[in-house]
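[1] here is a sequence with its predicted model. Questions after.
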Amino acid sequence: MAVAIIAVQGAFREHGDCLEKLGVDYRFIRTPSDITDDIDRLILPGGESTTQRKLLHELGLFEPIKEFICAGAPVMGTCAGLILLSERISGGDETVFGTLPVSVYRNGYGRQLGSFSAVGNVGVIADYPMRFIRAPFIESVLSDDVEILNVTDNKITAVRFRNQIGLSFHPELTDDTRIHELFLSI
Ligand code: GLN
């Protein structure tokens, strides 16, 4: 079994490094033929969600990935990846996969706070170092089944809905692998 990491743009290599540290097999996905039968879960990395959306369509990856998520495979979206998963993007941006019932607000911390760190509990994970980079936040959850895993400065930054995890921050940019381990345990 292997983890697919969408590798069209953004911080995909760093997710690979985390999985390598954990001894987990992974594949970078750039074309539909990269999606092999041994893949059982998916990571959508941070980066620029509008660029990623465009490339996913251009490379023919949008349909097979949406099918994979809708079939119930575990998926983790970090930062731009969270935006791609969200059912609603505040401000009128087009929904991409729309499988995670939350409304997300892009660049939610403004220009002054483009990049910052915080430490907090993420579900059962205590004192997790969270790194935010031009991060979105979750302004509302659209289903009672969405579990809120973290709130920082009154803003929801981490959720789980069934097999999907959505994070405003970047667990791949810290040495702490507990979020990846949580994802791998689904
Ligand atoms: N600001 C980016 C966007 O809106 C997300 C930033 C990130 O992934 N670090 O797509």
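    Arrived safely, thanks for sending. Fair warning: this is a prediction, and the values are worked out from it, not measured in the lab.
[2] please name the bridge partners of L42.
    When bridges are called by DSSP bridges, L42 pairs up with A4, V75.
[3] quick one: end-to-end length of stretch 6-24, please.
    Stretch 6-24 has its terminal residues 16 Å apart, counting by C-alpha to C-alpha, to the nearest Å.
[4] no wait, stretch 114-132
    End-to-end distance of stretch 114-132 (C-alpha to C-alpha): 8 Å.
[5] same deal with stretch 43-57?
    17 Å.
[6] mind checking how far I43 is from the ligand?
    13 Å (C-beta to the nearest ligand atom, to the nearest Å). Every C-beta, even on glycine, is put in place using the N, C-alpha and C of the backbone.
[7] packing partners of the helix or strand harbouring N121?
    Here N121 sits within strand 115-122, counting by DSSP states H and E. Where contact means 3 or more C-beta pairs under 8 Å, 6 or more residues apart in numbering; DSSP states H and E, strand 115-122 is packed against strand 125-133, strand 147-152, helix 178-184.
[8] any buried residues in the helix or strand where P64 lies, and which?
    P64 is part of helix 62-70, with elements assigned from DSSP H and E. For helix 62-70, burial by neighbour count (16 or more other C-beta atoms under 10 Å) applies to 62, 64-65, 68-69.
[9] check contacts around the spatially most central residue of the chain.
    Nearest residue to the geometric centre of the chain (C-alpha atoms, centre = their mean): G77, 1.0 Å. For G77, the contact set (C-beta atoms under 8 Å, 6 or more residues apart in numbering) comprises 43-44, 83-85, 100, 164-167.
[10] I'm done for today, thanks for sticking with me.
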